[in-house]
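Trainee: task: produce atomic coordinates for the following.
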Amino acid sequence: MSLRASVLQCLADAQYQSEAVLATAEDLYMYNLRNGAGELRRAAKESYPALLHRLHTFSKCAKMDIKKDL
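Mentor: The predicted model follows:
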């Protein structure tokens with residue numbers, strides 16, 4: 001594989017990974033519903049849209065916990 005092809009492949013891989021990581025709120029919502037997290041979300045004190053709206057204010061650890069628990 002040429003250097004140019006290697007660079008293009010690396011760029012394509014990076015774009016694919018960034019697209020995979022950046023799930024939309026709807027994708028995350030559907031993923032959580034399919035994985036039984038709907039009950040946890042309904043029992044939460046704060047609504048799912050409200051949490052998403054405030055997500056940028058939380059620490060990385062808190063974000064991971066919220067996404068895991070939702």
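
Trainee: so which helix or strand takes in Leu8?
Mentor: Here Leu8 sits within helix 3-21, counting by DSSP states H and E.

Trainee: against Arg34, how distant is Asp27?
Mentor: Note on Asp27: its distance to Arg34, by C-beta to C-beta, to the nearest Å, is 11 Å. The way it works is simple: take the backbone N, C-alpha and C, and place the C-beta from them, glycine included.

Trainee: ugh, wrong one, His53
Mentor: 23 Å.

Trainee: with Asp65 instead?
Mentor: For Asp65 relative to Arg34 (C-beta to C-beta), the value is 20 Å.

Trainee: so those two - more neighbours on which side?
Mentor: Taking neighbours as other C-beta atoms under 10 Å, Asp65 and Arg34 compare with Asp65 leading, 12 against 9.

Trainee: any idea of the pLDDT on that one?
Mentor: pLDDT, Asp65: 71.

Trainee: kindly report the same for Arg34.
Mentor: 70.

Trainee: what residues are up against Ala62?
Mentor: By C-beta atoms under 8 Å, 6 or more residues apart in numbering, the contact list for Ala62 is empty.

Trainee: fine, thanks again, bye for now.
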